[in-house]
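J.: need a 3D model of the following:
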Amino acid sequence: MFPTVALVLELEALRRGAPQVVAGAAGLHRPVRWVHISELADIAGMLHGGELVLTTGVMLPSDRDSLARYIDDLADIGAAGLVVELGRRYADALPRPLVRAAERRGLPLVMLRTEVRFVAVTEAVHAHVVDAQLAELRVSEAVHQTFNELSVEGAEADEVVREVARMAGAPVVLENLSHQVLAFDPAGQAPEGLLDGWERRSRGVAPAGRTGCDRRTGWLVTAVGARGRDWGRLVLVGEPGPPPRSAGGGPAAGPGGPAGPIGPSGPPHRHTVLLERGAATLALNRLLERDRESLERQTHRTLLSGILTHALTVSDVALRARALGVPLEGRRLVGVMLRLRGGPPSAALEAQSRLRDFTESAALAVRERGLTALTGGLDDGAVGVLVSLGPPDDEHAALEGFAAALHRLTEPAGGEPAGGGPAFVMAAGSSVGSLRDARRTLLEAAQVADAALHGGRKAGTYYRLPDVRLRGLLHLLRDDARLQTYVERELGPLLAHDAEHGSDLVRILTVYLEHGRNKSAAADAAHLSRPSFYDRLHRVERILGVDLDQVESCLSLHVALLALEAVRP
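T.: This next block holds a predicted model:
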């Protein structure tokens, strides 16, 4: 916000005096809040800190101790520096005691060899200060406008973090209280350098106060939360780049004014307002959208979707997962798919709420069993889990324990849900030894889960490909045109008859075959009288041109019906 001593010395009004820094050069970065002209030796009592004092020295004391005390008083009050004009008191050099005292206290001491108009210096510096304040107000308005819009729009955490990084010109990371990365923007830098060893590095940064700049690393950190409950930190990493740009794209000074150092001896961080507004937007959006999944679940879901859709590279997934506390490299990976049983919910909001609760239950089961895994919802009725196992971990025991824990967490208070068996299907793919093969194990788990949904119930445990047998094979082949052709050849006429006449002959055939061709049992299961059921079976035979007393015909039709389940959405 304020010009530094070095910048003031570059102003034309002072350059005319041929300024020469004779002591305290290390303090030239100090901000100049104001310029004060005085010949008094006890001027320190009239200052507030940040002033650049201009004097001819005509009333300064002559003895060494008094000169040192004069410098000490200025340094103690926080003066930005002292400028002494030669000619009236000192001919061609300043007293050595004055120079030594200024060097000892790190107070910039500047000597002017020729006369300057002090009032011109004050006008130039004060105009610079006012201009900087106006620029700050403009950028502050742009910052507030930008983040107000993000709040109104309910922006995702990634969008808010991206905007903070863009305006700061530096990498920004949103982490939870366990120092795991929830969202980040590297601001054009390499993500590896930003996220490698993040938890360890972040734990070492603990500035005092709710917002603070760490003196050792230069990181600016602010807490994220509301109503007295913090849930994360927003971190501006390292030194910012160019000043932030306004919402319209034009250049502007940052919320703290012109660029300045961020080191231990630098001024208050110029991006404090920007970071705090970003944190407030994140906290507000979380309060307004309580029914949405947690940021941690969102991040897990993004990584799982990135694996399945190839939207993220293997190195990106490994890097982000490691920063989230889920190492995936050099470990055995097992894809798990969880699918809710029952019909679709009656409304979209109900579906979202149901999936959110189920996902959180799955994440809780992962934590209870001490597993390392990515856990996130993938659609309205499925939750994906990528379990990461170390060398000593027993795969079957880990999956059995997870299934049992999730069954307990989702079991209704009155016991088993209506219909018996668990409220979900859990399927696991084959374990793989490389992150590059993670997609394969997740897809296999999804295919097994789809097949298992139509099969028998297996309470308290999980399915694998051998468990779904023929159904599993057909689900693996469901996109094959040859299988679809087979279904049409075997069942096409019957499907067309049902569609044209509104009959249910496909269901009648399914019930008959599922009951082992026992007509009496099948009639009871179909809730029809035996004569009526037998009549419908005869119609099936006529339409398809088959004999249902032949075992091979029934086997072929049964396979076609199972394949129909697989190829239908």
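J.: give me the pLDDT value at the nearest residue to Arg117 once chain neighbours are set aside.
T.: Counting by C-beta to C-beta, 6 or more residues apart in numbering, Ala13 is the residue found nearest to Arg117 once chain neighbours are left out, at 7.2 Å. C-beta: built from backbone N, CA, C; applies to glycine. Looking at Ala13, its pLDDT reads 87.
J.: isn't Ala13 up against Ala127?
T.: No: assessed by C-beta atoms under 8 Å, Ala13 is found out of contact with Ala127, at 10.2 Å.
J.: between these two, who's got more neighbours?
T.: The neighbour comparison of Ala13 against Ala127 (other C-beta atoms under 10 Å) goes to Ala13, with 17 against 11.
J.: helix or strand for that one, which one?
T.: Using DSSP states H and E, Ala13 falls within helix 12-15.
J.: for Leu340, see how far away Asp380 is.
T.: Noted for Asp380: a distance of 9 Å to Leu340, by C-beta to C-beta, to the nearest Å.
J.: need the overlap of contacts for these two.
T.: Here Asp380 and Leu340 have Leu355 as joint contacts, going by C-beta atoms under 8 Å, 6 or more residues apart in numbering.
J.: neighbour count for the two, which is higher?
T.: Leu340 (20 against 14).
J.: phi first, then psi, for that one.
T.: phi -70, psi 140 (degrees, to the nearest 10).
J.: okay, now the nearest residue to it once chain neighbours are set aside: neighbour count?
T.: Spatial nearest neighbour of Leu340, excluding adjacent residues (C-beta to C-beta, 6+ apart): Gly381 at 4.6 Å. Other residues within reach of Gly381, judged by other C-beta under 10 Å, total 22.
J.: now swap in Leu282 and tell me
T.: Counted with other C-beta under 10 Å, Leu282 comes out at 29.
J.: in a helix, it, correct?
T.: Yes: counting by DSSP: H, G, I helix; E, B strand; the rest coil, one finds Leu282 located in a helix.
J.: using neighbour counts, pick out the buried residues of the helix or strand where Gln352 lies.
T.: Using DSSP H and E, Gln352 falls within helix 348-368. Of the residues in helix 348-368, 351-352, 354-356, 358-363, 365-366 count as buried by neighbour count, 16 or more other C-beta atoms under 10 Å.
J.: pick out whichever of the residues you listed sits closest to Arg331.
T.: Closest approach between the buried residues of helix 348-368 and Arg331, by C-beta to C-beta: Val366, at 15.0 Å.
J.: distance of the closest one relative to Arg332?
T.: Here the criterion is C-beta to C-beta. By it, Val366 lies 16 Å from Arg332.
J.: what does Ala481 give?
T.: In this structure, Ala481 and Arg332 are 35 Å apart, going by C-beta to C-beta.
J.: repeat for Met111
T.: 72 Å.
J.: who has more neighbours out of Ala481 and Arg332?
T.: Comparing Ala481 with Arg332 by other C-beta under 10 Å, the one with more neighbours is Arg332, at 17 against 7.
J.: show me what contacts the closest residue to the more buried one other than its chain neighbours?
T.: Nearest residue to Arg332, sequence neighbours excluded (C-beta to C-beta, 6+ apart): Leu389, at 4.4 Å. Applying C-beta under 8 Å, 6+ apart to Leu389 gives the contacts 331-334, 372, 395, 398, 431.
J.: of all the residues you listed, which two lie farthest apart?
T.: Going by C-beta to C-beta, the pair spanning the contacts of Leu389 furthest: Thr372 and Ser431, at 14.0 Å.
J.: for Val83, list each beta-bridge partner.
T.: On the basis of DSSP bridges, Val83 is bridged to Leu54, Val110.
J.: and for it, the neighbour number?
T.: 26.
J.: and the chain, what are its domain boundaries?
T.: Domain assignment for the chain by automatic domain parsing gives 5-116, 151-288, 295-476, 481-567.
J.: next, the buried residues of stretch 560-569.
T.: For stretch 560-569, by 16+ other C-beta under 10 Å, it's 560-567.
J.: what is the nearest of those to Gln447?
T.: Gln447 has its nearest neighbour among those in Ala566, at 9.2 Å by C-beta to C-beta.
J.: hang on, the earlier thing: mind checking pLDDT for the residue nearest to Leu340?
T.: pLDDT, Gly381: 78.
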